[in-house]
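Participant: Sequence and predicted model, in that order:
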Amino acid sequence: MRLRAHRRSLVVWNSSAGSPGRGGSPVLTHSGRIPRRPEAELELAVFSHPAQRRLASQAIALCDRRFPGFLRHWLPGPGRSGRLPRSRRASPRRECRPAAGQYPDRMATIKTTPVIAASTAPALEVTTVTEVITRLAAWLRRLPPPQERIDRLLAELEQRFAGRTERITADACAEIERVAWPYSRHLLLQYDRDGAGEPDEEDPGWPEPDPAAILPRAAQVRQVSRLAGGACLIRIDGFESLSIAQPYLDAAFALARGATGIVLDLRSNAGGYPETVAYVAGRLLGDKAVQLSEVTYRDHRRQWWTPDLPTGTAVPADMPVAVLVSGRTFSSGEALAYHLQARGRVTVAGERTPGAADHVTDIRLAATVTGELPIGYCTDSVTGTNWEGCGVAPQLDCAADDAIDAALAHLPVLKRR
């Protein structure tokens, strides 16, 4: 069985020689290249992406049947790196946060829980809770710019988890997230029992997006339809890379021409790329570029502006726009609602959002644990602050399921302004 390696994958090559030193050693390099050899071979990938883990699980089961004890014997040990190049997931791995301001009871409500592969071989590395906290604290002192809330987060983590020598587990990761929740909504830990690879020494950053994973979902432009009274509903469940998403976004706004109003549905939007947020904001704020925000990193700052558009491209200024949000709207999904609300362009309807305003990066803290950690914070250029911890407060406060009706009832009021 042959599977292509994916993000945070372990790829194992086995030749017919079947023993170390005689052509049977696993060959794993930082470039991810596997030498081509004439002997029989088996490649195994343990995926963290939920859409592909089922196939990986089947591959592992096949490996165990054909090569008993193979995984335990052949997993990379000291001196051999099991890391392959990372590729950005097609969409954020968290599914939802059920309520703003309160950490959910179970990890599964935030992010996809990995499917445990059908293998009896445990991960070779045994990492304790204290070790993960030590590495996490080191990265939090290194990555984001100095902030009082990060200092308080560090103090809380180091106090609460001091002396915890038990092995890190999914439950322990959830416990760490709950402690971090009041200080950093974005701090998430992904546990994978079958994970492999050395902890990161440098921030790997975000690699290029994978069109093959994004295009089948129309870059998460989920729905465009006309509603009662001629309003146009545009549902966007995530902000993929603008280089891929722009044609789908352009098509959605083209279909909104002539509508009596726009209802932008972000209730299931879990975030994504800030340049795509800026592009959508520009479609609603006008053809001329305006500054949305400034992101402060440890060693630099970056401004985000809407693009200059050809005259007549943006939605007419007199067209009423409502934005729908919920407790599942997260990160860049919140950013778009916040920026548009701050400029008085839209009316926000639905539930208060969780309040995640940091920019993040993925860091491997242990073979079995990868963290999504803050690296910078966003400041809106109009309000001078952001939505971290407090979320976006809707003008039309209602249950998420009632948000469309509330918005449609309010659109004629907006039109008369």
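Facilitator: Structure's in. What do you need? Residues are numbered from 1 along each chain as shown.

Participant: Within the sheet, what are the partner strands of the strand ranked longest in the chain, with directions?
Facilitator: For the chain, the strand that runs over the most residues, judged by DSSP state E, is strand 369-380. Listed by DSSP bridges, the sheet partners of strand 369-380 and their directions read strand 188-191 (antiparallel), strand 291-297 (antiparallel), strand 358-366 (antiparallel).

Participant: Using the three-state scheme, assign residue 318.
Facilitator: The three-state label given to residue 318 by DSSP: H, G, I helix; E, B strand; the rest coil is coil.

Participant: picking up where we left off before, let me know which of the strands paired with strand 369-380 is tucked in deepest.
Facilitator: When you average the neighbours per residue for each of these (mean count of other Cβ atoms under 10 Å), strand 188-191 leads with a mean of 24. No exception for glycine: its C-beta is placed from N, CA and C like everyone else's.

Participant: May I see the buried residues of the next helix-or-strand element following that one?
Facilitator: Reading on from strand 188-191 to the C-terminus, the next helix or strand found by DSSP states H and E is helix 211-214. Using 16 or more other Cβ atoms under 10 Å as the burial criterion, the residues of helix 211-214 that qualify are 213-214.

Participant: same question, stretch 382-389
Facilitator: Buried-residue list, stretch 382-389, by 16+ other Cβ under 10 Å: 382, 386-389.

Participant: tell me the domain boundaries of the protein?
Facilitator: Domain segmentation of the chain under automatic domain parsing yields 11-74, 211-364+373-416.

Participant: Show me what the helix or strand just after the longest strand of the chain is packed against.
Facilitator: For strand 369-380, the succeeding helix or strand toward the C-terminus, using DSSP H and E, is strand 396-397. When contacts are defined as 3 or more Cβ pairs under 8 Å, 6 or more residues apart in numbering; DSSP states H and E, strand 396-397 sits against strand 347-350, helix 403-416.

Participant: which residues touch the longest one?
Facilitator: Counting by Cβ atoms under 8 Å, 6 or more residues apart in numbering, the neighbours of helix 403-416 from elsewhere in the structure are 227-229, 231, 233, 260-261, 263, 265, 267, 318, 320-322, 324-326, 347, 349-351, 396, 398.

Participant: Could you tell me which of those residues count as buried?
Facilitator: Among the contacts of helix 403-416, the ones that count as buried by 16+ other Cβ under 10 Å are 227, 231, 233, 260-261, 263, 265, 267, 320-322, 324-326, 347, 349-351, 396, 398.

Participant: just the strands in the protein please.
Facilitator: With DSSP E as the criterion, the chain has strands spanning 11-14, 42-45, 188-191, 221-226, 232-236, 262-265, 291-297, 301-305, 321-325, 347-350, 358-366, 369-380, 396-397.

Participant: that older thread, what's the angle from the longest strand of the chain to strand 301-305?
Facilitator: For the pair strand 369-380 and strand 301-305, the angle between their directions (axes from the mean of the first three to the mean of the last three Cα atoms, to 10 degrees) equals 70 degrees.

Participant: Now do strand 369-380, average pLDDT.
Facilitator: Mean pLDDT, strand 369-380: 96.

Participant: Same question for stretch 283-297.
Facilitator: For stretch 283-297, the per-residue pLDDT values average out at 97.

Participant: Now do it: distance from first to last residue.
Facilitator: End-to-end distance for stretch 283-297, by Cα to Cα, to the nearest Å: 27 Å.

Participant: quick one: low-confidence parts of the protein?
Facilitator: Under the criterion pLDDT under 70, the flagged ranges of the chain are 1-126, 413-417.

Participant: The same query, at a cut-off of 90, please.
Facilitator: Residues of the chain meeting the criterion pLDDT under 90: 1-127, 193-197, 205-208, 228-229, 410-417.

Participant: how about stretch 305-314: buried residues?
Facilitator: The neighbour-count criterion (16+ other Cβ under 10 Å) identifies 306-307, 309, 314 as the buried residues of stretch 305-314.

Participant: end-to-end on that stretch?
Facilitator: 15 Å.

Participant: just stretch 311-320 next, same as before
Facilitator: Distance across stretch 311-320, first residue to last, is 19 Å (Cα to Cα).

Participant: List the contacts of it.
Facilitator: The contact list for stretch 311-320, computed with Cβ under 8 Å, 6+ apart, reads 253, 256, 259-262, 282-287, 321, 347, 411-412, 414-415, 417.

Participant: Can you tell me which of those residues are classed as buried?
Facilitator: Applying 16+ other Cβ under 10 Å to the contacts of stretch 311-320, the neighbour count classes 253, 256, 259-262, 282-286, 321, 347, 411, 414 as buried.

Participant: with these in mind, which one is nearest to residue 273?
Facilitator: In terms of Cβ to Cβ, no member of the buried ones among the contacts of stretch 311-320 lies closer to residue 273 than residue 282, at 14.2 Å.

Participant: thought that closest one was touching residue 306?
Facilitator: Yes - using Cβ atoms under 8 Å as the test, residue 282 is close enough to residue 306 to be in contact (3.2 Å).

Participant: Overlap in contacts, these two.
Facilitator: By the contact definition Cβ under 8 Å, 6+ apart, residue 282 and residue 306 are jointly contacted by 289-290.

Participant: you'd agree residue 183 is up against residue 148?
Facilitator: No - contact criterion Cβ under 8 Å: residue 183 and residue 148 do not qualify, at 9.6 Å.

Participant: got any residues that touch both of those two?
Facilitator: Both residue 183 and residue 148 lack any common contacting residue under the criterion Cβ under 8 Å, 6+ apart.

Participant: Give me the more crowded residue out of these two.
Facilitator: residue 183 (22 against 8; other Cβ atoms under 10 Å).

Participant: Now for the more buried one: which residues touch it?
Facilitator: Residue 183 is in contact with 149-150, 152-153, 156, counting by Cβ under 8 Å, 6+ apart.

Participant: hmm, 10 Å instead?
Facilitator: Residues touching residue 183, when contacts are defined by Cβ atoms under 10 Å, 6 or more residues apart in numbering, comprise 140, 147-157, 374, 388-389.

Participant: May I see the domains of the chain arranged in CSV, with distance to residue 133 as well?
Facilitator: As requested, the domains of the chain are exported to CSV (distance: least, Cβ to Cβ, whole Å):
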stretch, distance to residue 133
domain 11-74, 22
domain 211-364+373-416, 13
